[in-house]
Every structure is written in structure tokens, then in C-alpha cells.
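*Asks:* Here is a sequence together with a model predicted from it:
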Amino acid sequence: MMWRCILEKMDVPSMRILILPVVLAIVVSTAVIAGIVKTDSFQAISDGVNVTLRWITEDETNVKHFEIERCSGTDVSFVLIATIDPKGPSLYEFVDFSAFHKTTTLYQYRIKVVYLDNTPPMYVGPISVAHTVSGVRKTWGSIKAMFR
């Protein structure tokens, strides 16, 4: 993967950002929470249609599930948008299909790690991603929302 090589050459203490052609923005978090999420693996990628989150886990001992939370613009409170069950150490991917409802938005995402034994949850992130949607896509999203 070419972008991974480029990201590794950039040296910014807490976050690495790369803007690629074709309106593709990648933000990579450098957070590691108790060995659960692998270093530098939490990514938010906007392709102009949806936002895709990816992360890699190393150890999921005692993990009940992962909660994906999002806030947008100037909103300071995170909202739960998905719950993902653990599947053992692996690559996870979540596509936020609801991100296309606004034309231009800065979204922040974080992962809440919930444990089986009621240990207080741990958070990975937040990471930010600029998401720009075409006017045609926005109109179609509005039409679909009327029939829900």
C-alpha cells in the first residue's frame, strides 16, 4: 500500500494526515489503549460518499464490544452510531453510510471499548475527517430521508 509508506515518512507527534487526489482524506490516530488497538491503526477515510473507519486489534481479552461514536461540526457530544462485536485480533472496518446527509462537515470519530467485567470503558481517538459530499448526493439523501 503506497499511502502507508508515505504516512510513515511524515513525522507529526500526535496525528498524521495525508490528503490524496480524488477527494480522499485519511487521518490516522497514534493512540494505543492497553494493547487492544494496534499503534497507528485507527483511520477515518472520506471518499466523498461515505466515511470508512478501520482499525486493527492485537488483544481482545475481556472485550464485550466496540461502540463507534461520532460528533460533527461544533457539536461537542458524541453519539453512538454502531456497536461491533469482537471477532478476535483482526482488521475491523465500519462504513458510516449516514455521513452523506450534509454537504461539508468535519466529523470526529472515536471507539469506545466496552469490557465484559464492567471495567470502565476505554476510548480510542477521537480522530477527525473532513467530509465533502456533492450537491447531487446530498439531494438524493434528502429524498431518501423523506420516505424513512
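*Replies:* Happy to help now that I have it.
*Asks:* wait, His65 sits on Leu80?
*Replies:* No. Under the criterion of C-beta atoms under 8 Å, His65 lies out of contact with Leu80, with a separation of 11.2 Å. C-betas here are computed from N, CA, C, even on glycine.
*Asks:* Mind checking which of these two has more residues around it?
*Replies:* Applying other C-beta atoms under 10 Å to His65 and Leu80 shows that His65 carries more neighbours, namely 14 against 10.
*Asks:* Could you measure from that one over to Tyr92?
*Replies:* For His65, the distance to Tyr92 (C-beta to C-beta, to the nearest Å) stands at 11 Å.
*Asks:* got any residues that touch both of those two?
*Replies:* Here His65 and Tyr92 have Ile84 as joint contacts, going by C-beta atoms under 8 Å, 6 or more residues apart in numbering.
*Asks:* hey, what's Glu128 bridged with?
*Replies:* Quick fix: residue 128 reads Ser, not Glu. For Ser128, the beta-bridge partners under DSSP bridges are Gln108.
*Asks:* now swap in Val37 and tell me
*Replies:* Residues found in beta-bridge contact with Val37 (criterion: DSSP bridges) are Thr57.
*Asks:* can you check Ala44 too?
*Replies:* Counting by DSSP bridges, Ala44 is bridged to Val27, Leu53.
*Asks:* Low-confidence ranges, the chain, go.
*Replies:* 1-35, 39, 100-104, 134-146, 148 (pLDDT under 70).
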